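> predicted model follows, preceded by the sequence.
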Amino acid sequence: MTVDSISTWLAQNPTWGPWAFGGALLALSALVYVVARYLIANALVYLARRTANRYDDIVVEKLRPFRFAWIAPLLLIYRSAGLLPRVTQAVRDVVLFLMLWLVVFTLNSLLNGVNAIYEASPYYRGESIESYTDLASIILVLVGVIVSISMLTGKSPLALLSGLGAIMAVILLVFQETILSFVAGMRIQSNDLLREGDAIEIPSYDASGQVTNISLHAVRIQNWDKTLTVIPTHKLIEVPYKNYRGISQAGAWRIKRALYLDVQSVRFCDAAMIEHLCRIHLLQDYMKTQLAELEQWNLEHPSSPDNPVNAQQINNLEAFRAYVLEYLKGRPDIRQDGMTLIVRQLDPGPSGLPLEIYAFTKTADWEKYEATQADIFSHLLAAVPQFGLRVFQDPSGMDLQGLLGTRGVTGARAPQRPSA
């Protein structure tokens, strides 16, 4: 059956002919959609899954061939609408409107696919382009709205654009957040301030975790407790935050922790203590050097032996500090390549004398870092008594019971003083 024969048949049956042709056209369009949806689209998905390339899977997933299958029946209806002169223009306008937004949605999906392919490429370093794709999506939607209004009103899109100047202030007000976010996104990317995958800490938003997504309007952070924090993109250039990317780039994590020693346990080393310290392998070179220097100094500066402060002597605190430094230098998991490695005394206070370790581990992994730090301080806490020192600790209930002369923790009363 040709187009001319169909036109002739419709002219011979003006009453029910258009209705019959319209029903047949809808049925044929449904059949075309089924073929495009379940044969062609499924074939594309099947081929994409069978290939080793991952990018075609992303394109098929984002473009959604099942949605794109609507193009076939819409084209059929558009070409066949000329056979119905009374409704030709109306049908074609509706079909063009539907095809316009189908193309807009498809192009938006394509932009998402471009972003997904970029993030899946081996060259991706966490620098997000999602803010640019989001802006392009907004522009596509605006173009779709302008063209749709032009189709409904019959006016040229250029005439509609020329009238936007009068409402530019309203547009700027409506899209103020978008403009600020886009400018912030450009500053973040141009200065390499933030990437997806960075671990950051933002005290003003109580956020501490890993950046999982940077879009045009928001930055999503998964906190270490697995909660999510969403922050407006433009706020990241207004509030201070800490980025831990430097830890992974340096391959090192800083240890900055102190042991609090009891000041009353610091004393000069007697002969027995010196002999004991000389048997510690890590201190042998230190003790030899110190003893030689002290002997030479005492020979050059004779003093009265009745008071130990009259002579230069070794004290257990400095010996312990030297031991800690040598112990850290001997650990294979501590950086020895020029990064700071210091064992220093801080100002004494109500909690004792802080002996602080300032060093860097050879790993940027959090679990390994914590294990290394725990191993170091566990060893040092066990080694402190070997130097005649005590770790400072606030008195507990057990200590107070001992001072009161109680006999255990059962709540027994202290013995009463006999009356005169």
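The structure has been received and is ready for your questions.
> Three-state assignment for the closest residue to G144 other than its chain neighbours, please.
Closest residue in space to G144, ignoring its immediate chain neighbours: V104 at 4.2 Å, by C-beta to C-beta, 6 or more residues apart in numbering. Glycine gets a C-beta too; all of them are placed from N, C-alpha and C. Three-state call for V104 (DSSP: H, G, I helix; E, B strand; the rest coil): helix.
> so L135 versus I334, what's the distance?
Taking C-beta to C-beta, to the nearest Å as the measure, L135 falls 47 Å from I334.
> the two: who's more crowded?
Ranked by neighbour count (other C-beta atoms under 10 Å), L135 and I334 place I334 first, with 20 against 17.
> distance of the more buried one relative to D375?
11 Å.
> lowest-pLDDT helix or strand in this protein?
None of the helices or strands of the chain scores lower by mean pLDDT, DSSP states H and E than helix 3-12, at a mean of 50.
> hmm, L259 is touching F377, no?
Yes - using C-beta atoms under 8 Å, L259 makes contact with F377 at a distance of 7.2 Å.
> got the contact list for A383?
Counting by C-beta atoms under 8 Å, 6 or more residues apart in numbering, A383 touches 320, 323.
> give me the pLDDT for it.
Note for A383: predicted pLDDT of 94.
> rewinding a little: contacts only, for the residue nearest to G144.
V104 makes contacts with 140-141, 143-144, as judged by C-beta under 8 Å, 6+ apart.
> and for S148?
97, 100-101.
> 7 Å instead?
97, 100 (C-beta atoms under 7 Å, 6 or more residues apart in numbering).
> L259 and F377: who's more crowded?
Higher neighbour count among L259 and F377: L259, with 20 against 15, using other C-beta under 10 Å.
> so how far is V114 from the spatially closest residue to the more buried one that is not a sequence neighbour?
Excluding the flanking residues, the one nearest L259 by C-beta to C-beta, 6+ apart is L355, at 4.7 Å. Between L355 and V114 the distance, using C-beta to C-beta, works out to 56 Å.
> if we can go back for a sec, what would the contacts of V104 look like in a markdown table with neighbour count, distance to F387 and pLDDT?
Output for the contacts of V104, formatted as a markdown table (neighbours: other C-beta atoms under 10 Å; distance: C-beta to C-beta, whole Å; pLDDT from 0 to 100):
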| residue | neighbour count | distance to F387 | pLDDT |
| --- | --- | --- | --- |
| L140 | 17 | 72 | 82 |
| V141 | 14 | 72 | 79 |
| V143 | 14 | 77 | 79 |
| G144 | 18 | 77 | 81 |
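> give the contact list for L180.
L180 is in contact with H234, counting by C-beta under 7 Å, 6+ apart.
> SS state for it?
Per three-state DSSP, L180 ends up helix.
> could you say which helix or strand holds I274?
helix 271-278 (DSSP states H and E).
> which strands or helices does that helix pack on?
Applying 3 or more C-beta pairs under 7 Å, 6 or more residues apart in numbering; DSSP states H and E, one finds that helix 271-278 contacts helix 284-300.
> the helix it packs on to helix 271-278, inter-axis angle?
Per axes from the mean of the first three to the mean of the last three C-alpha atoms, to 10 degrees, the angle that helix 284-300 makes with helix 271-278 is 140 degrees.
> give me the mean pLDDT for helix 284-300.
85.
> export only the CA atoms of the one helix or strand I231 maps to, formatted as PDB.
Assessed by DSSP H and E, I231 sits inside strand 228-232. Only the C-alpha atoms of strand 228-232 are listed here, as PDB (Å, rounded to 0.1, in the frame of the first residue of the first chain):
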ATOM      1  CA  LEU A 228      27.500  11.700  55.000                       C
ATOM      2  CA  THR A 229      28.100  15.500  55.000                       C
ATOM      3  CA  VAL A 230      27.000  17.600  52.000                       C
ATOM      4  CA  ILE A 231      28.600  21.100  51.800                       C
ATOM      5  CA  PRO A 232      27.800  23.800  49.100                       C
END
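> residues in contact with the helix or strand following it?
Sequence order places strand 242-243 as the next helix or strand after strand 228-232, per DSSP H and E. Strand 242-243 is contacted by residues 194, 198, 200-201 when judged by C-beta under 7 Å, 6+ apart.
> how about 10 Å then?
With C-beta atoms under 10 Å, 6 or more residues apart in numbering as the test, strand 242-243 has contacts from 193-195, 198-203, 208, 211.
> mind giving me the packing neighbours of the following helix or strand past it?
Counting by DSSP H and E, the next helix or strand C-terminal to strand 242-243 is helix 245-250. Secondary-structure packing of helix 245-250 (3 or more C-beta pairs under 10 Å, 6 or more residues apart in numbering; DSSP states H and E): strand 199-202.
> name the helices or strands packed onto the strand it packs on?
By 3+ C-beta pairs under 10 Å, 6+ apart, strand 199-202 packs against strand 207-214, strand 218-223, strand 228-232, strand 242-243, helix 245-250.
> I'd like these as TSV, with distance to H301, mean pLDDT and mean neighbour count appended.
TSV is the format used below for these (distance: least, C-beta to C-beta, whole Å; pLDDT from 0 to 100; neighbours: other C-beta atoms under 10 Å):
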stretch	distance to H301	mean pLDDT	mean neighbour count
strand 207-214	56	90	18
strand 218-223	61	91	19
strand 228-232	64	91	15
strand 242-243	52	89	13
helix 245-250	47	84	14
